[in-house]
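Visitor: quick one, structure for this:
(one chain, ligands or ions: 1)
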Amino acid sequence: MSKAEKTIITNMCMIENDKGQILIQDRVSSNWPGVTFPGGKVEKNESFVDSVIREVFEEIGLVIKNPQICGTKQFQTEDDERYIVLMYKTNQYSGNLRSSDEGEVFWIDKYELGTYNLANDFNEMFRVMDSDTLSEFYYDESWNVQLK
Ligand SMILES: Nc1nc2c([nH]c(=O)n2[C@H]2C[C@H](O)[C@@H](COP(=O)(O)OP(=O)(O)OP(=O)(O)O)O2)c(=O)[nH]1
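Guide: Presented below is the predicted three-dimensional model:
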């Protein structure tokens with residue numbers, strides 16, 4: 001029996017500045033609307049690091065450097081694909097911030113995130129990304145969130 005399984009691999013990046021602020025995006029997407037960090041799908045044959053650098057540039061105009069992987073998220077889609085989000089963070093960037101048709105972007109104080117209209121489950125994702133001990137956000141078969 002084949003060990004292969006269908007997967008969708010995506011990325012997301014938390015960008016921090018030296019004032020303790022993070023960059024958020026108010027996503028207009030209809031399938032997962034609300035405040036998140038920029039990110040998108042990894043393309044065929046693309047390196048994971050290159051994919052997050054590309055998505056951040058496409059969505060918000062900044063060129064990030066040295067993104068560090070800081071967690072993973074996964075769940076099974078309705079079509080039985082394993083949906084994986086590779087979570088990154090960095091405090092190194094250059095370029096000019098701009099919003100795109102993915103949504104408006106702006107800096108906020110890191111610990112004010114909870115006051116925004118967050119995308120579903122984004123608060124738990126942030127907990128993993130911001131933690132020194134957690135590294136995984138996992139939906140089990142009953143759709144319970146497990147942070148590990
Ligand atoms: N659609 C969806 N996206 C999610 C979920 N959870 C989650 O972290 N994400 C994140 C992962 C990625 O950062 C981003 C994927 O968004 P998207 O599917 O709109 O990707 P995209 O259009 O930007 O990608 P692309 O097609 O332009 O390459 O959202 C979820 O439940 N549904």
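
Visitor: not counting sequence-adjacent ones, nearest residue to residue 54?
Guide: Nearest residue to residue 54, sequence neighbours excluded (C-beta to C-beta, 6 or more residues apart in numbering): residue 46, at 7.5 Å. (C-beta placed from N, C-alpha, C; glycine too.)

Visitor: what about that neighbour, which SS state?
Guide: coil (DSSP: H, G, I helix; E, B strand; the rest coil).

Visitor: try residue 51
Guide: helix.

Visitor: that one touches residue 44, doesn't it?
Guide: No. The pair residue 51 and residue 44 does not pass the contact test of C-beta atoms under 8 Å, sitting 10.5 Å apart.

Visitor: ok, these two, which is more surrounded?
Guide: When residue 51 and residue 44 are compared for neighbours, residue 51 comes out ahead with 21 against 5, by other C-beta atoms under 10 Å.

Visitor: which ones are touching the nearest residue to the more buried one once chain neighbours are set aside?
Guide: In space, and not counting its chain neighbours, residue 51 is closest to residue 42: 4.2 Å by C-beta to C-beta, 6+ apart. If you count contacts by C-beta atoms under 8 Å, 6 or more residues apart in numbering, residue 42 has them with 9, 10, 11, 48, 51, 86.

Visitor: the first one - how many residues pack around it?
Guide: Looking back up the chat, that one is residue 9. 16.

Visitor: my guess is it meets residue 41, correct?
Guide: Yes. Counting by C-beta under 8 Å, residue 9 does reach residue 41; the two are 7.1 Å apart.

Visitor: surely residue 146 forms part of a strand?
Guide: Yes. Assigned with three-state DSSP, residue 146 falls within a strand.

Visitor: how near is it to the ligand?
Guide: Here the distance between residue 146 and the ligand works out to 15 Å (C-beta to the nearest ligand atom, to the nearest Å).

Visitor: and residue 63, what is it in contact with?
Guide: Contacts for residue 63 were tallied using C-beta under 8 Å, 6+ apart; they are 53, 56, 57, 93, 94, 95.
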